[in-house]
Every structure is written in structure tokens, then in C-alpha cells.
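Asks: sequence and predicted structure are below.
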Protein chains: 2
Amino acid sequence: MVTIRDIAERAAVSVSTASRALNNNPRISRETRLRIQSIATEMGYQPNYNAKTLTNGEANAVGVIFPPGDMSTAANPFFVDLLMGINTQLRLRNAVLSVAIANTTEELTKNVLALISQSLIHHFILLYSKANDPVVELLKSQGVQYVLVGDPTQDNERYVNNNNRLAGAKALEYLNRHFNSRHVLFVESEMEQGFEKQRRLGFESAAQQLGVKRELLKLPDKAMQHLDQAVAQYLDNRRDIDGIMTTDDLIGMMVYQLTRQQLNRQVPLISFNKSQSNILIGDQVRFVELYPQHMGEAAVRVLFSETKQFEMLPFTIEKV
Amino acid sequence: MVTIRDIAERAAVSVSTASRALNNNPRISRETRLRIQSIATEMGYQPNYNAKTLTNGEANAVGVIFPPGDMSTAANPFFVDLLMGINTQLRLRNAVLSVAIANTTEELTKNVLALISQSLIHHFILLYSKANDPVVELLKSQGVQYVLVGDPTQDNERYVNNNNRLAGAKALEYLNRHFNSRHVLFVESEMEQGFEKQRRLGFESAAQQLGVKRELLKLPDKAMQHLDQAVAQYLDNRRDIDGIMTTDDLIGMMVYQLTRQQLNRQVPLISFNKSQSNILIGDQVRFVELYPQHMGEAAVRVLFSETKQFEMLPFTIEKV
DNA sequence: CTGTTAGCGCCTTCAG
DNA sequence: CTGAAGGCGCTAACAG
């Protein structure tokens, strides 16, 4: 392991000069700074983060907090993309990604506390939001920075998000304009997630505005048997439905197939969050691309920005 | 922040005694050890990992390496469960989870190298396997420990896995025994993943043994348009298929729906890896539960075991 | 069984 | 603009 000391020796300067040069301290002459830096790269110098953290009192790591298991969403594939985006930005900043994940909120809280007090992590990205979350309270009481990915529940909370409401509206407009849908079914889960609600609100207002007849279906809990038959029956009673919006691609897959078989025709469908393994392909299928990877990147940007309070990310409507 | 020094003072012992007591060093009298430990908890002492790492030369963090983006699988939901399992074990050991994830193998390699040389991480869990992987070579050349989750490609590699071959065989037997299937279709993706191959081999040998007629379908790339129609057509020509096995739950969802509509009857289906949002429910649907969370836990156990070379995890066949 | 001392790698006063 | 010295929190010889 090549240390700052080795570099100092080789450059015939003191350790402190080497340190300053490597940290771009302006009090070092441009000349020696460059010289030392080139020596460093030449020698393959890699700073020891633990030593740095020890002196700084602050880690170069960012903690990513997953939703507790008991509120795990169907949005799972989303997370891996998010991680990818977060980490590309972190790598640029020579930072490292740590994860907090647990089955219960209680365990999760402990986990986060450990990261704060044992690893000295002062920056977090929160991948879920719920009211009165002990984890959020912990973050606040410990005075660490955090950015939420999702719908903010508190005032003054930093976050990145999609404009889910707008997306819901645009999605309906799309169905209406491109497929001439006049009677649209909106399908959501029973989880009452913030983003689903927003999408529904957007859907409803746009439907009203366009004079499109609307229908709402909340998918009952998975525990329920024969969900598909229930849905099929539901559809059977509404044979004039000519457009569907689902809050999630996986729900979309099922509903689409059922519709086709139940109404015996292809009904235009638009969903959110294309899952990587979507196998629905057809002229009538669209999805709202939310660019999870970009959300991850944005989260890091907001986290390390002094000023930025939030970032609202664009979405697009795509053919599958 | 309460340090070991504070504890030493309060206990009227030297720092080293405090350190030893907290680390359960046997050279300390049971009495003072307990006394010091109780003082520590009382004062809410949390050891500073960075300082520890600095002295030990070895981090208390484990790096989890995700597959590079260009080989991202449909098994996505799997990963979150894995993380959950890994982290429960890590928390027990007061260890921390760091992530390496990137779009390209090259970036990923850099990422891992950074974790090794900058954070001094010496323990890794690898979530994918492929031949001649530069990341594996790096791990080996750097002399760090790692455990693979999946099919080992090298001799002497430590890993945890399911017995996918056996699972494939058992799954077929199940179809045959419980649904009396005599002509079974096996559906896999085109990715040629190790686990798919193993499941297929198991399927084939069992089919042969039981005298079950077998059919193989490899789903073409997603790029292909109208995949569903292609599959439907395929099914249409094989109307006597009376059982289906798919390597993945998401594929299963589609095939099941298509089958129903194309063959106009419910064909018993068995798949792997129930996705959290599976909405297929029915008497005829089964899946092979692989317990990803347990796999994660096992990976940590193997990683920190001196002796264990691998762990083969059980699976069960479940109703949805 | 316990205390003293030194040092892990780095940064940051404080002096020049 | 650069050096010397001290210390971040902890562990590990080396002494007793």
C-alpha cells in the first residue's frame, strides 16, 4: 500500500505538502502541486478512506436506506436501477455506497444508527416515504443530510421525484389522443402508495377535462384467491372499456392478458415502470418511462448541493 | 461521541484495558471486563469503525457485487431479498454492507478495486457468475475472500446455491404426479444463464425417466416484436401440452395467460422465484421457492467460515 | 492481569 | 508557499 508518506519522500517534500497538494489546497504552488499529483498517480496512490474519515470526522460514504420489508413494494426492479444511478454519481465523487436494509422498521433504525455513529456516515438517500417514520426522525435528530426518492411527506424535505400527477394526466391524454379511448379503466394496488395516488389524481383530472368516462379498480390483497377471475369478471361487466392505465408494469401484464381474453380484443394499455422482463409487446401497449437511473443520479446531486431543495425528473411515454 | 478513552477514565483503568475488555480479550479478569462493558453500554459507547479499520488494516465491511448492467437479469426482485438476508447476518456481526454496481464490467472492476484499496474491504459477495470475469480475477489477485451466489464456474470457488438441477427434476415430477402431466413444455430465456441450464437438465432427465414427452421453448430476445403472438402460435401447434415449466415467474405469468387463451384451458404451470407481484393465482399454479433471503444469509456464513466451502440450499414447491 | 508506548494514514493548526 | 508537530480512536507489542 502506497501512502502519502511514500509520495512525500519520492517528491522530496514534507508529508503535509503532499497532503495539501493532493487535496488541491490553493496554498501550494501550482507547479509542485502538479508534480506531486503526477507522482501520486504514477505510484498508484489510493488514499485510505478510513484514515481520512478518522481525521475529518466524516465518512466519504453515502447510506442508501431501503424500505423496511413489511412495506416492500412491487417496485422492486426499480431499486437496482436506482442503485446503479446513485453509484455512478458516487464513483465520480470518489464516494462509496453503503446500504441499510432490514425487515422491520425497528431493525432498520438500528442499522441506520450504526452507520451514523460507527461509520460516521453523514449522507443518506431514503428510498421510501411514509408518515411518522422513525428513521426520518433519527436522521433529523442526528443532524445528518438526507434526500428522499419519492413523494415528500414533510415540509422542507429534500427530495427527487417524478411528477406523478402530471404523468398520470399525460398518460390519459395519450390514450385519448392516440387510441381514441373514451372509457378508461385505472388499476392500482391496495397499498396506497403516494405515487399511485398522484397518478390517479392526474388521471382523474385529465379524464374530467377531456370528458373521458373513467373507472377505478383497486386490486385487492394478494391473499385473495382467484384474483384473476375477479378481475375478469369485473371486466366482463364493462365491455365498453377501451383503454387501461395501470400503476405498475407487472399489474399491467396481467390485466392486459385478461382483457384480451375477456373482452376478446386488444385494449390499449399504458403502464408505469417498465419492468425489465416485460414481455408485453404490441402496437397497443405503452408505458411511462421514469428513468430510475436518472433519479438515482439526481438524488446524489441534490444531496451534495448546498442549494438545491429538490429535483423533478422528466418522464416520457414509450412504446414497449 | 463517546470514545474508549472516556470509558477508561470513568472506569479508572487504562485505555488498553478498556479496549481489551470491550473486545473480550481473555487476558482481562472477568470481573473488570463485565464492569467495563456495562459502563460502555451505559454510556452508549459505539466503536468507531474507521479507527478500528485503520489499526487492523481490515474493514468490517462486506462488499456486495451486483452483475454489470449489460448482463442484468430478470431476476431483479431476487436481489433485494438477497440484500436483506445478507444484511441480517452482517448486522449480527456488527458488519456493514457496501455495494459495487456499475453498467460495464470495466467500471465495476474499478469500483471493486476502490473498495479494496481505499476502504480496505477484504470480504465480498458476488451476485453473478460468468466465465473469465475480470472482477473475479481481481478478487483473486488481490487475495481477498469472496463467496459467489450462483453456479460456480471455477474449481475451488466458494459459493452458495440452490440445487437447480434437482429442483428442475422435482418440479417435473410434481407436475407429473399431481397433475398427471404427460407432455410438458419447458420455457427458458435466451440468456443462457447457468441456473436455467441446470433446471433444464434436471427437467430433461426427469422427463426421460418418467417417460414424459418434453418440449423446449427458448424465448427469443425482447427486441423481437410480437413475442406473445409467436408464443401463442407455438402453443397452438401443440395442443396436447398438459404442463408447463418456466425458469422465471415473470415468464410464467405471460405463458400462463397465453396458454389459457390459446389452448382454451388452464394448463398446470410451475415456475421459479415467485416475484413479489405475482398475480397468478389458481389451483393449477405452483412455484419453486428458492428462499433468496436464506441464500443471502448463507453467503455470509460461508464467507466468514474458515472451513465451509459452499452451502446448498433447500427449495420447496408451493402453491401461490 | 494491567499500564505504557507507539503507530495505523491522514489532515490541520502553528510556525516559519 | 512549505515543514514540523500533534492528534483523530483504536489496537498491539512490550513491560511490568
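Replies: Nice, I can see it.
Asks: other SSEs contacting the helix or strand that contains A:Arg260?
Replies: Using DSSP states H and E, A:Arg260 sits within helix A:249-262. Contact analysis of helix A:249-262 by 3 or more C-beta pairs under 8 Å, 6 or more residues apart in numbering or on different chains; DSSP states H and E lists strand A:183-188, helix A:227-236, strand A:243-246, strand A:269-272, strand A:285-289, helix B:249-262 as its packing neighbours. In this view, the C-beta of every residue, glycine as well, is placed from N, C-alpha and C.
Asks: burial count for the spatially closest residue to A:Asn156 that is not a sequence neighbour?
Replies: The shortest distance from A:Asn156 to any non-neighbouring residue, by C-beta to C-beta, 6 or more residues apart in numbering or on different chains, is to A:Gln309 (8.0 Å). A:Gln309 has 12 neighbours, counted by other C-beta atoms under 10 Å in any protein chain shown.
Asks: hang on, A:Gln309 packs against A:Arg158?
Replies: Yes: under the criterion of C-beta atoms under 8 Å, A:Gln309 lies in contact with A:Arg158, with a separation of 5.8 Å.
Asks: who touches both of the two?
Replies: Here A:Gln309 and A:Arg158 share the contacting residues A:Val302, scored by C-beta atoms under 8 Å, 6 or more residues apart in numbering or on different chains.
Asks: any idea how far the lowest-mean-pLDDT helix or strand in chain A is from the chain center?
Replies: For chain A, scoring each helix and strand by mean pLDDT, DSSP states H and E identifies helix A:227-236 as the least confident one, at a mean of 73. Taking C-alpha atoms, centre = their mean, to the nearest Å, the mean C-alpha location of helix A:227-236 is offset from the chain mean by 32 Å.
Asks: likewise stretch A:241-257?
Replies: Between the centre of stretch A:241-257 and the centre of its chain there are 22 Å (C-alpha atoms, centre = their mean).
Asks: got it, and stretch A:312-320?
Replies: Its chain's average C-alpha position is 15 Å from that of stretch A:312-320, according to C-alpha atoms, centre = their mean.
Asks: just stretch A:160-180 next, same as before
Replies: Averaged over its C-alpha atoms, stretch A:160-180 has a centre that lies 20 Å from its chain's centre (C-alpha atoms, centre = their mean).
Asks: name the residues of that stretch that come out as buried.
Replies: Counting neighbours by 16 or more other C-beta atoms under 10 Å in any protein chain shown, one finds that the buried residues in stretch A:160-180 are A:160-162, A:164-176, A:179.
Asks: and if you look at stretch A:9-19?
Replies: Buried residues in stretch A:9-19, defined by neighbour count with 16+ other C-beta under 10 Å: A:11, A:13, A:17-19.
Asks: which parts of chain A belong to which domain?
Replies: Taking automatic domain parsing as the domain assignment, the record places the domains of chain A at A:4-47, A:61-157+A:293-312, A:164-289.
Asks: does the shortest one reach DNA strand C?
Replies: Yes: judged by C-beta under 7 Å from any atom of the strand, domain A:4-47 comes into contact with DNA strand C through A:4-5, A:15-16, A:19-20, A:22-23, A:45, A:47.
Asks: touching, A:Thr103 and B:Met84? I think so.
Replies: Just to correct that, residue A:103 is Asn rather than Thr. Yes: shown here, A:Asn103 and B:Met84 form a contact pair, counting by C-beta under 8 Å, at 6.6 Å.
Asks: show me which of the two is the more surrounded one.
Replies: Each of A:Asn103 and B:Met84 has its neighbours counted (other C-beta under 10 Å); B:Met84 has more, 21 against 16.
Asks: please report how far A:Arg301 lies from chain B.
Replies: Computed with C-beta to the nearest C-beta, to the nearest Å, the distance linking A:Arg301 and chain B is 18 Å.
Asks: got phi/psi on that residue?
Replies: phi -60, psi -50 (degrees, to the nearest 10).
Asks: the one 5 residues further on too?
Replies: The phi/psi pair for A:Glu306 (degrees, to the nearest 10) reads phi -70, psi -40.
Asks: what about it, how many neighbours?
Replies: Close neighbours of A:Glu306, defined as other C-beta under 10 Å, add up to 4.
Asks: cool, A:Arg30 as well?
Replies: 9.
Asks: ok, now A:Pro26?
Replies: Number of residues near A:Pro26 (other C-beta under 10 Å) recorded here: 8.
Asks: mind checking how far it is from DNA strand D?
Replies: Counting by C-beta to the nearest atom of the strand, to the nearest Å, the gap between A:Pro26 and DNA strand D amounts to 7 Å.
Asks: kindly report the same for A:Glu297.
Replies: 32 Å.
Asks: over to A:Asp155?
Replies: With distances defined as C-beta to the nearest atom of the strand, the gap from A:Asp155 to DNA strand D amounts to 34 Å.
Asks: again with A:Val136
Replies: As judged by C-beta to the nearest atom of the strand, A:Val136 and DNA strand D stand 27 Å apart.
Asks: confirm that that residue sits in a helix.
Replies: Yes: looking at A:Val136 with DSSP: H, G, I helix; E, B strand; the rest coil, it is inside a helix.
Asks: quick one: contacts for it?
Replies: Shown in contact with A:Val136 (C-beta under 8 Å, 6+ apart): A:126, A:146, A:154.
Asks: mind telling me what element the second one is part of?
Replies: I take that to be A:Tyr146. A:Tyr146 is part of strand A:145-149 when elements are defined by DSSP H and E.
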